[in-house]
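Trainee: sequence unknown, structure follows:
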């Protein structure tokens, strides 16, 4: 699985255990920006679990980002381009060149 590497030397590496085919099927209508926000939220879910463990005084382990994290992030990230497909097809029918 891919590992997200931090840009700075003192950053954190997060391992991903994500079913990419499932996520791809569920992100119809999501823009690249929507997916970026969704991925950032999935990573934050992992970090929130770490903060909860630290607050409780428990030892922590940095868990990988999972499909469940991504799906939970998707639940609060709505697709901004969902309605654009029909508008594109309308425009294409009206203005596209027709080859004989």
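Mentor: Sure, I can see it. Fair warning: this is a prediction, and the values are worked out from it, not measured in the lab. Numbers count the residues shown, from 1 in each chain.

Trainee: and residue 30, what's its pLDDT?
Mentor: For residue 30, the model assigns a pLDDT of 89.

Trainee: number of nearby residues for it?
Mentor: Using other C-beta atoms under 10 Å, residue 30 has 21 other residues around it. C-betas here are computed from N, CA, C, even on glycine.

Trainee: part of a strand, is it?
Mentor: No. Counting by DSSP: H, G, I helix; E, B strand; the rest coil, residue 30 is not part of a strand but coil.

Trainee: longest single strand anywhere in this protein?
Mentor: Secondary structure of the chain per DSSP state E: the longest strand is strand 14-17.

Trainee: confidence-wise, which helix or strand of the chain is lowest on average?
Mentor: When the helices and strands of the chain are scored by mean pLDDT, DSSP states H and E, strand 3-4 comes last with a mean of 54.

Trainee: now do the longest strand of the chain: distance to the chain's middle.
Mentor: Between the centre of strand 14-17 and the centre of its chain there are 13 Å (C-alpha atoms, centre = their mean, to the nearest Å).

Trainee: helix or strand next in line after that strand, which one?
Mentor: Per DSSP states H and E, the first helix or strand lying C-terminal to strand 14-17 is helix 20-26.

Trainee: and that following helix, what's buried?
Mentor: For helix 20-26, a neighbour-count test (16 or more other C-beta atoms under 10 Å) marks residue 23 as buried.
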